[in-house]
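>>> predicted structure and sequence below. I'll ask about it afterward.
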Amino acid sequence: MTERAEGLRPETIAAAHGVASDVAFGAIAPPLYLSSTYEFAGFEQPRAYDYGRAANPTRDLLATALAKLEGGAGAILTASGMAALDLIVSRLPAGAVVIAPHDCYGGTMRLLKAREQLGQVSLRLVDQRDGDAVAAVLSGAPALMLIETPSNPLLRVVDIAALAARAKAAGAAVAVDNTFLSPALQRPLALGADYVIHSTTKYLNGHSDVIGGAVVAADAEQAASLSQWANIVGCGGSPFDAWLTLRGLRTLFPRMRQQQANAMAIARMLSDHPAVSAVHYPGLETHPDHALAARQQQGFGAMLSFDLAGGAAAAKRLVAALRVFTFAESLGGVESLIVHPATMTHADMGDDARRVAGIGEGLLRVSVGIEAEHDLIEDMKAGLAAC
Ligand SMILES: *Cc1c(COP(=O)(O)O)cnc(C)c1O
């Protein structure tokens, strides 16, 4: 696919951006450039690349693909999702007010609290579904509002367009963590966000073999400024990780289709099972944010969670009986994973905060993979029979 090909559908960009772009040998798969430094063409004649911290051709290829998929002006690849978030946060002026969801990703919470403890930002945690609470924090001259939807692990959905409009009216920049859906299913920049943050570790790479992150900026000047900041602090992602992630991105759309179809089937089965007291999946008509998710997203995604009536003891027995699902943290890979948030991903929150957030002892969160639906359903049924 030539660089001149414009106006292409996202599926085509994911599958073919950079294919056959190699000028040396006409390689179909884009080459991996590991070199840390580049020869000057002559005195005062730098070429497109000079030093690997500043920019790298393999990383740039992935960055351009992600920027196109999110509808942004540019993207910056970082060493992790946390480094992507920190690329935005660490560039804020000292004491800047940052608004974040009270139920944001645990690592995000830890990073923001750590920066607050050092006096670098002033953090306002708020339930973004609560209009009055949002109005109160917006009156405090915020510099940045972070949005994360759907939430982890209860899959609550917030209205990106409405929140972004209010935040921007209050003078705040808006960053949306789009890790749980990927640009295949949600495009926050089109809904008014200034930045999209990704843990590329999850759906974008999709094979559980890379830790990486990305920031996509709507505005070209902001993209250039963030790129410069990434060079200053030296947090860019490695070329090999970018190469693997571009390889993973090729199949983003078909993976997502299969994963969310499997997730819907599992959610329906769980809804009808007597051992299950609640299922949290936005694709179910009974989910409180179903209508909003249907409007805002291009699909319901492949993350879900459910409560077992039998509590922690039942969760322990269920997990021990599974053969197809693997008991592990993280998400977004081709293989199905299951976690017990109260003792794993959300253990650091503490009992009280978990209770307030609605994360019970019998809650299990599933990242649904691309395996045969039949095998996933039968495996989950066997687990439920054991609990
Ligand atoms: C995993 C994750 C992150 C952090 O990404 P890392 O690549 O692990 O640093 C941030 N946000 C969400 C929603 C995540 O799931």
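Everything's here; your move.
>>> what pLDDT does whatever residue of the stretch 1-150 of the chain ends up closest to the ligand get?
Sorted by distance to the ligand under Cβ to the nearest ligand atom, the residues of the stretch 1-150 of the chain start with Gly81, at 2.2 Å. Where you see a C-beta, it was placed from the backbone N, CA and C, and this is true even at glycine. Reading off the confidence values, Gly81 has pLDDT 98.
>>> measure the nearest residue to it once chain neighbours are set aside to Asn205 for me?
Of all residues not flanking Gly81 in the chain, Ser199 sits nearest, at 2.7 Å (Cβ to Cβ, 6 or more residues apart in numbering). For Ser199, the distance to Asn205 (Cβ to Cβ, to the nearest Å) stands at 9 Å.
>>> Asp130 too?
Taken as Cβ to Cβ, the span from Asp130 to Asn205 is 34 Å.
>>> between these two, which is the more surrounded one?
Neighbour comparison, Asp130 and Asn205: the larger count goes to Asn205, with 26 against 11 (by other Cβ atoms under 10 Å).
>>> what about the more buried one, which SS state?
coil (DSSP: H, G, I helix; E, B strand; the rest coil).
>>> now do the same contact list for it.
Gly212, Leu244, Thr245, Gly248, Leu249, Gly332 (Cβ atoms under 8 Å, 6 or more residues apart in numbering).
>>> and the fifth one, what is it in contact with?
Yep, that's Leu249 we're talking about. So Leu249 contacts Ala14, Leu62, Ala65, Leu66, Leu204, Asn205, Gly206 (Cβ under 8 Å, 6+ apart).
>>> so which of these is the closest to Val121?
Using Cβ to Cβ, Leu66 is the member of these that sits closest to Val121, with 26.0 Å.
>>> tell me the mean pLDDT for the helix or strand hosting that closest one?
Assigned by DSSP states H and E, Leu66 falls within helix 57-70. Averaging pLDDT along helix 57-70 gives 98.
>>> what helices and strands are in contact with that helix?
Other helices and strands packing on helix 57-70, by 3 or more Cβ pairs under 8 Å, 6 or more residues apart in numbering; DSSP states H and E, are helix 10-16, strand 74-78, strand 213-217, helix 239-249.
>>> in a markdown table, list these along with distance to Ala190.
Converted to a markdown table, those look like this (distance: least, Cβ to Cβ, whole Å):
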| stretch | distance to Ala190 |
| --- | --- |
| helix 10-16 | 12 |
| strand 74-78 | 15 |
| strand 213-217 | 12 |
| helix 239-249 | 19 |
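>>> any chance of JSON lines for those, columns mean pLDDT and distance to the ligand?
Converted to JSON lines, those look like this (pLDDT from 0 to 100; distance: least, Cβ to the nearest ligand atom, whole Å):
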{"stretch": "helix 10-16", "mean pLDDT": "97", "distance to the ligand": "20"}
{"stretch": "strand 74-78", "mean pLDDT": "98", "distance to the ligand": "9"}
{"stretch": "strand 213-217", "mean pLDDT": "99", "distance to the ligand": "5"}
{"stretch": "helix 239-249", "mean pLDDT": "98", "distance to the ligand": "11"}
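>>> tell me the two of the contacts of Asn205 that are most distant?
Leu244 and Gly332 (14.0 Å).
>>> the two: which is more packed in?
Legend: neighbour count by other Cβ under 10 Å for Leu244 and Gly332, higher for Gly332 (28 against 20).
>>> export the longest helix seen in the chain as PDB, just CAs?
In the chain, taking DSSP state H as the definition, the longest helix is helix 252-271. Written as PDB, here are the backbone C-alpha positions of helix 252-271 (Å, rounded to 0.1, in the frame of the first residue of the first chain):
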ATOM      1  CA  LEU A 252      -7.000  -5.700  15.300                       C
ATOM      2  CA  PHE A 253     -10.400  -5.600  13.600                       C
ATOM      3  CA  PRO A 254     -11.000  -9.400  13.100                       C
ATOM      4  CA  ARG A 255      -9.700 -10.100  16.600                       C
ATOM      5  CA  MET A 256     -12.100  -7.500  18.000                       C
ATOM      6  CA  ARG A 257     -15.000  -9.000  16.100                       C
ATOM      7  CA  GLN A 258     -14.300 -12.500  17.300                       C
ATOM      8  CA  GLN A 259     -13.600 -11.400  20.900                       C
ATOM      9  CA  GLN A 260     -16.700  -9.400  21.300                       C
ATOM     10  CA  ALA A 261     -18.900 -12.000  19.800                       C
ATOM     11  CA  ASN A 262     -17.400 -14.500  22.300                       C
ATOM     12  CA  ALA A 263     -17.900 -12.000  25.100                       C
ATOM     13  CA  MET A 264     -21.600 -11.500  24.200                       C
ATOM     14  CA  ALA A 265     -22.200 -15.300  24.200                       C
ATOM     15  CA  ILE A 266     -20.500 -15.700  27.600                       C
ATOM     16  CA  ALA A 267     -22.400 -12.700  29.100                       C
ATOM     17  CA  ARG A 268     -25.700 -14.200  28.000                       C
ATOM     18  CA  MET A 269     -24.800 -17.600  29.400                       C
ATOM     19  CA  LEU A 270     -23.700 -16.100  32.700                       C
ATOM     20  CA  SER A 271     -27.000 -14.000  32.900                       C
END
